[in-house]
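**Student:** Fold the following for me, if possible:
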Amino acid sequence: MGLFDNVKTLFGGKRKSDGNQKTVYRKNVNIEKRFEFVRTAVSGTMSNFFMARDRETDRIVGLKIADSEKTALFEQRFKALKKPPEGLIASKVVHPNVVKTYEYGTSSTKQNYLVMEYLKGAGLHAMIYDRDSMLEGKRLNLIRQFAEALGAVHKAGFIHRDVCPRNFIATPDCSAVKLFDFGLSLPDEPPFHQPGNRTGTPFYMAPEIVRRRKTDHRVDIFAMGVSFYQLLTFELPWPSNDASGLAALSHDTLKPTSILEYKPKLHPKLAEAIMLCMSVDPNDRPKTTDKFLQMINSVETVNV
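**Tutor:** All right, here's what the predicted structure looks like:
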């Protein structure tokens, strides 16, 4: 398994670009005619993902088709704010550890779709769930790449809003991870910081989301900390069998279990940085992913 080559052919239509990456916007695309569905869909939060062959280029790509009902409910919240579409947000985040977006638009059946780099590999959440031995000796590298990918989102001016292992794909040799899925992402601007947008994956939700307070990019820092904790221990900081939103209510009422209780030999600087990410008060978290990376700069090995 490996990464497919970048698509070199542009698909015609209105072009939008960012740096060296060019992303195409198209309308009224006949999805059934255009794509051959190679693999059964995987359901996401608000969309279905396919491995597909693009008949125009004869390339294997990742195809994401939004669930119109679910996305309409989400987008309605921000109608007055003119929230950019997912495809435009995704096209603005360009980084080696972020899945490339080649094209986005609307289908002939009025569904939003994205065409992206297709990655063969396992979801990081599946590897954690399976306690995959491939992770051994590679976690520190994955942690740094994860943080760098998230930093690229923030530097592009967005909040991901659904940071969790489920939204990272590991390469087959587990040497790298890539972030994908910007379905819940929002601009990191004051109008989008207002209370009330309780979206995301409950186990990784920051207290300010749960309590409907103002939010900013630091909700992603919180979720990153939970993700790293789980990657290193195969456990959650607040153990729970409840996958509903109720599970997140404990994130500011109970202290998370110290990561050193599970991994007492973990490098203390890494342990400290991860626990700070999960602070109840956003001001106590690392302000940026770069700050987190600086905190663990001297960490060379992870004893787990």
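
**Student:** how far away is the closest residue to Val163 other than its chain neighbours from His160?
**Tutor:** Nearest in space to Val163, with sequence neighbours left out and distances taken as C-beta to C-beta, 6 or more residues apart in numbering, is Ala223 at 3.8 Å. (Glycine included, C-beta is placed from N, CA and C.) If you measure Ala223 against His160 using C-beta to C-beta, to the nearest Å, the figure is 8 Å.

**Student:** Look at Asn28 and tell me its secondary structure.
**Tutor:** Secondary structure, DSSP: H, G, I helix; E, B strand; the rest coil: Asn28 is strand.

**Student:** Do I have it right that it meets Thr106?
**Tutor:** Yes: if you go by C-beta atoms under 8 Å, Asn28 and Thr106 touch, sitting 6.8 Å apart.

**Student:** Who has more neighbours out of those two?
**Tutor:** The neighbour comparison of Asn28 against Thr106 (other C-beta atoms under 10 Å) goes to Thr106, with 17 against 10.

**Student:** Now for that one, which secondary structure element holds it?
**Tutor:** Assigned by DSSP states H and E, Thr106 belongs to strand 101-107.

**Student:** Can you tell me, leaving aside adjacent residues, what's nearest to Asn30?
**Tutor:** That would be Ser108: by C-beta to C-beta, 6+ apart, it lies 4.9 Å from Asn30.

**Student:** Next, count neighbours for that neighbour.
**Tutor:** 13.

**Student:** Then Leu276?
**Tutor:** Leu276: 16 neighbours (other C-beta under 10 Å).

**Student:** that older thread, direction included, what does the strand holding Thr106 pair against?
**Tutor:** strand 21-29 (parallel), strand 112-116 (antiparallel) (DSSP bridges).

**Student:** So which of the ones you listed has the densest surroundings on average?
**Tutor:** strand 112-116 (a mean of 25; mean count of other C-beta atoms under 10 Å).

**Student:** Provide the contact partners of that strand at residue level.
**Tutor:** Under the contact criterion C-beta atoms under 8 Å, 6 or more residues apart in numbering, strand 112-116 has outside partners 7, 11, 29, 31, 54, 61-66, 68, 71, 85-87, 90, 99-107, 180.

**Student:** Can you point out the buried residues in stretch 207-221?
**Tutor:** Pro207, Glu208, Ile209, Val210, Thr215, Asp216, His217, Arg218, Val219, Asp220, Ile221 (16 or more other C-beta atoms under 10 Å).

**Student:** my guess is Ser185 meets His154, correct?
**Tutor:** No: counting by C-beta under 8 Å, Ser185 does not reach His154; the two are 10.8 Å apart.

**Student:** The two - which one has more neighbours?
**Tutor:** Higher neighbour count among Ser185 and His154: Ser185, with 23 against 20, using other C-beta under 10 Å.

**Student:** can you pull the contacts of that one?
**Tutor:** Glu86, Ile89, Ala90, Val153, Phe158, Ile159, His160, Arg161, Asp162.

**Student:** what's the distance between it and Ala223?
**Tutor:** To Ala223, Ser185 is 13 Å away according to C-beta to C-beta.

**Student:** ditto for Ser250
**Tutor:** 15 Å.

**Student:** Poorly predicted segments of the stretch 101-250 of the chain, please.
**Tutor:** Scanning the stretch 101-250 of the chain for pLDDT under 70 picks out the ranges 241-247.

**Student:** can you list the domains in the chain?
**Tutor:** With domains defined by automatic domain parsing, the chain comprises 14-116, 122-295.

**Student:** Quick one: distance of the shortest one to the chain centre.
**Tutor:** This means domain 14-116. Here the centre of domain 14-116 is set off from its chain's centre by 15 Å, with C-alpha atoms, centre = their mean, to the nearest Å.

**Student:** before we move on, what about stretch 113-122?
**Tutor:** With C-alpha atoms, centre = their mean as the basis, the mean position of stretch 113-122 lies at 13 Å from the chain mean.
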